Every structure is written in structure tokens, then in C-alpha cells.
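In: I'd like to go over a predicted model; first the sequence, then the structure.
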Amino acid sequence: GGTIGYKKGGILINNYSYCSISGENYIGGLIGYNEEGSINKSYFSGDISATNWYCGGIVGYLSYGETANCFAMGHIEGQEKVGGIVGKNYYGTVNNSYSIAQMTGTSNVGGVIGYNDSGTIANCFWDIDVSGLNWSDGGIGKSTTEMKQQNTYIGWDFLDTWSIVNECSYPWLNNIQNPYLTITPNIIGMSQSDAESLINNLGLIIGVVSEECNDSIPQGTVISQLPEENTQSLPCSVINFVVSSGPCLVEVPNVVGLTQSEAENMITAAGLSLGTVSEQCSEIDTGKVISQTPEGGAQLPPGSSVNLIVSSGPCPDGEGILEGNLEGEGFIEGTIEGSLEGEGILEGSLEGMVEGTSEGEVEGEYYPPHNADQNGDWEISLSELLRIIQFFNMGGYYPCPGQTEDNYCPGKLK
């Protein structure tokens, strides 16, 4: 046996064995031949092989003894009377035990008991999916799903003797080493998909996956985990981890009003780069920043460009845009002075617009402001100017009452 070859009387309790055992007859994970003895709160994990008879996950041959609160896992192979817990039970008692071992043999191969001769088996189970067996000379076969449900084990003590992660693990014994504990893997440096695959394959649960910017770890790579690596975890324990979202964004500084050199220093100090710099006339002092793109406060990846517009000094004087004489042989003298301001309004005055009259023509008559001056303020708007330009193109204008809408004709008086 993995612990004892032959045992007569006495108690074996809180014992476990991890090993590979092989022999001819009476091969057991803990005891090969148990006569009138008791085994309690113990388990076996490993490989058992018998070339002949009486091969069991806990006891090869049980005679007038007791096996309680035990389980076996691994692989069990024999010829005859092969059982997941006991190979042959002769007037013995087996209760509150289970097997999840793979089973092979030629005859009397049972999930819990290979051959029961006048013995008692109560509240014992085996995994029919894992074992590949649908028969046992005692005990009840359950699917893997059912074997991981606490309500399968009616009458078992899940306060002091047993524990289980319901719908996730098989039961384990409280007072000895838990074979179902998993060492938490190190997933730091893995891609998120690789980390999730490893967690699932180990029977653990993916917990909260959060993101955090990191200037040195590539996007999608695990930065940290909880619990840490090499921590012992129960089946279906949750592992939370943090994944890099890539470089941290940089806040664009507000450099409007600074000199170009000051602005460039502030931009580069923030981890950004100076983009295009153009000039524009402005009332702001020469060499100072008028505007920036993006604006201050924006969030950008490191190394992104910030473009500037810098003042080239005051804009040139806007007066004299239209300046000069509209002269027509003594008809129009003076200048149109002013500038186009706002919505195309021409401010200024027509000085000496009509001085004198043509001899022999309408002498002595008074004429009001030109009809092109719709509001009579002696100021010409852009639309009014268009009429004046027509006169200018014709070399002048003269009064012609009743001949045109505004009583003035383009050209010279004949």
C-alpha cells in the first residue's frame, strides 16, 4: 500500500499519499490489506497497478474493517476485483467516501467497490464521466457536474469534516492538505487573452479586468494581478488583473500670451512636440502666441504636436483703401475718403460732389443729395457705391430730371 502493506486493527486517520504503486495482489492507495482496522479522513492521489487481484484506491482488500470519509483520485488498473475505493470488501463497512479515479480491469471493476461480500456501503459515490464506468458493487454513480454539487452528498458533515466550492470543486477534507488547491500563476507580462486562457485552464475564475495607462508596458499587456503569483487558491478562486491601456495621455499646456520660446519650452516639458508655427498680425505684442491648436487642457498621447500662431505685430493701417479723385470736367471734384467697415458700409463723404452747374442748363435750381444716397445722409453705402462706379465708368454724370429713376444720367452733359 501507499502507506501500509498489511494492517490488523488500529486506526489510520488524517493520512494522504501521493505515489505510484504496482504489484501482483492486495494493492491499495493507502493499505494493501486492512483487517479489522479503521481508515478515516484520508485520501490517495496517484497511479495503482495490480497484475492480478484486489486493487483499490484506498484499500486493496478490506476484511471486517471500516473505511470512512475517504476519497481517491488518479488511475487504478488491475485484473479482477478492482474498485475506486476498495477492491474487495469482506464484511467491512465503507461510508461517506468517493472516487474520481480512472478505472480499467477485466472483471469485477467498480466505481467504488470491485467486489462486495456481505459488506455495507453507504453514502458513497463515483464519477461516471471520469472513471468510464457505469457499474459498482456498491455506491452511486454521478456525473462530474453532480459530483461538484454539495446536495449530492446527503448526510455528509460539511462543517467539520468536509468542504466544497459548490458547483465548482469536488469535496476535500478540512484537516489535511487540500489536493485541489491551485498555485496562482504569474500572468504579469502576458497578453490579456493568454492570461485569461491560463486562468480558465487552471480552474480559476477571471475577476475584474481593469485598464491603466503605462508609458513603458505595451497596450493589452498585464501590469499587475491579485492575488499575487504562487499564492495557493481554492478551485474557482477569482483572479483580478490590470491591463495596460498604452501610454498615459498628456495634458496640453495653455501657452497663449507667452513668447514663442517660452511656449516651446512648456510644450516640450509636457512631453509634447512643437508643430507648425505661423504668423499673423495682431494687437498682441510681436513674438507672442495668439492661439494654439489643440487648446490648453486637451489630452493627447505623448509626442503629439501643438501648433501655434504667433503675432507679427500690429496690422497695417486700413485707411486709404479707396482713395483718389473722381474728376469730370468741373463736374465732380473732391475725394471719396474712408474705408469699408462692418458689412460693406463705405463711410466717408462726397465732398464738393456737385460744384457749379453747366452754363445754360438748370442754372439756379437746387438739387438734393444724389438719389443713390437713399437715406440722404451724404454717405455712400456699398450698394450706393455701385451706382457711382457706373457714373465713374462713363466719365461723369449730370442732372437729367425725368430721364432716369434717380434723375441723374451717367456721362457728360452735351
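Out: Alright, I've got the coordinates.

In: give me the number of residues near the closest residue to N166 other than its chain neighbours?
Out: Leaving aside its chain neighbours, N166 sits nearest to Q150 (4.9 Å; criterion: C-beta to C-beta, 6 or more residues apart in numbering). Every C-beta, even on glycine, is put in place using the N, C-alpha and C of the backbone. When neighbours are counted by other C-beta atoms under 10 Å, Q150 registers 15.

In: which ones are touching Q150?
Out: Each residue near Q150 by C-beta atoms under 8 Å, 6 or more residues apart in numbering is listed here: F158, I164, N166, P171.

In: In stretch 235-243, which residues are buried?
Out: P235, S237, I239, F241, V242, V243 (16 or more other C-beta atoms under 10 Å).

In: Let me know the distance separating the residue nearest to N166 from S163.
Out: Plainly put, Q150 is 10 Å away from S163 if you go by C-beta to C-beta, to the nearest Å.

In: Can you pull the phi and psi angles for the residue lying closest to S273 once chain neighbours are set aside?
Out: Excluding the flanking residues, the one nearest S273 by C-beta to C-beta, 6+ apart is S305, at 5.2 Å. When read as degrees, to the nearest 10, the backbone of S305 gives phi -90, psi 150.

In: thinking again about what came up before, got a PyMOL select line for the buried ones in the contacts of Q150?
Out: Selection of buried members from the contacts of Q150 for PyMOL, criterion 16+ other C-beta under 10 Å:
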select buried, resi 164+171
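
In: Now tabulate the contacts of Q150 in JSON lines and tack on secondary structure, distance to G257 and pLDDT.
Out: Shown next, in JSON lines, are those (DSSP: H, G, I helix; E, B strand; the rest coil; distance: C-beta to C-beta, whole Å; pLDDT from 0 to 100):
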{"residue": "F158", "secondary structure": "coil", "distance to G257": "73", "pLDDT": "98"}
{"residue": "I164", "secondary structure": "coil", "distance to G257": "70", "pLDDT": "97"}
{"residue": "N166", "secondary structure": "coil", "distance to G257": "67", "pLDDT": "96"}
{"residue": "P171", "secondary structure": "coil", "distance to G257": "74", "pLDDT": "98"}
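
In: and the contacts of Q150 as JSON lines, adding distance to Y16?
Out: Shown next, in JSON lines, are the contacts of Q150 (distance: C-beta to C-beta, whole Å):
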{"residue": "F158", "distance to Y16": "19"}
{"residue": "I164", "distance to Y16": "17"}
{"residue": "N166", "distance to Y16": "23"}
{"residue": "P171", "distance to Y16": "14"}
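
In: and which of the contacts of Q150 is nearest to L30?
Out: Taking C-beta to C-beta as the measure, L30 lies nearest P171 of those, at 17.7 Å.

In: who touches that closest one in this structure?
Out: Counting by C-beta under 8 Å, 6+ apart, P171 touches F71, Y98, Q150, Y153, W156, F158, W162, S163, I164.
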